[in-house]
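Asker: Got a predicted structure here, sequence first:
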Amino acid sequence: CSHCDKAFSRKSHLIIHQNTHTGEKPYKCSQCDKAFSLKSHLIRHQKTHTGEKPYQCSQCDKAFSQRSTLTVHQRTHTGENPYHCRFCDKAFSHNSSLKIHQRYHTGEKPYQCSQCAKAFTSKSEHTQHQKTHTAEK
């Protein structure tokens, strides 16, 4: 890979890997507007539309369409917080929560409003802010 020097034995694997650098997401869901860089991620996502939930929690009656979602859910029972902030003592059950939290330390605000150019740390803050422009409360 010309971006990060990773090596692959197959050209097809290199092309798939390069999508992580380019942001290209050629695998589009026919049910919604989501797109994915890997076909396996699209297939996993499509279960959310079929209602298929083959992964059952052994602690409660909840079931999930993805094994990874079950794994994260099980942390609500165990209290496990495996993702630790490198700036402070906080720990999180979700990697995505850690990433958002660390942006408060770094000042990174990757979500920018197209209406007023205000920037936000998380997508949910950005989405909430956008409603102020459409008078949607």
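Answerer: That came through, no problem. Predicted, not measured: the structure shown is a model, and the values here were computed from it.

Asker: Mind listing what's buried along the helix or strand bottoming out on mean pLDDT in the chain?
Answerer: Taking mean pLDDT, DSSP states H and E as the measure, the chain has helix 11-22 as its least confident helix or strand, at a mean of 84. Residues 16-18 are the ones in helix 11-22 that count as buried (16 or more other CB atoms under 10 Å). C-beta coordinates here come from the backbone N, C-alpha and C atoms, glycine included.

Asker: Next: stretch 91-104.
Answerer: 92-93, 97-98, 100-103.

Asker: what mean pLDDT does the helix or strand that contains residue 47 have?
Answerer: Taking DSSP states H and E as the definition, residue 47 sits inside helix 39-50. If you average the pLDDT over helix 39-50, you get 88.

Asker: correct me, but residue 55 touches residue 64?
Answerer: Yes: counting by CB atoms under 8 Å, residue 55 does reach residue 64; the two are 4.5 Å apart.

Asker: what about the two, which has more around it?
Answerer: More crowded of residue 55 and residue 64, by other CB atoms under 10 Å: residue 64, with 20 against 17.

Asker: dump the residue contacts of the more buried one.
Answerer: Residues counted as contacts of residue 64 (CB atoms under 8 Å, 6 or more residues apart in numbering) are 53, 55-57, 70, 73.

Asker: so of those, which ones are in strands?
Answerer: Using DSSP state E, the subset of the contacts of residue 64 located in strands is 55-56.
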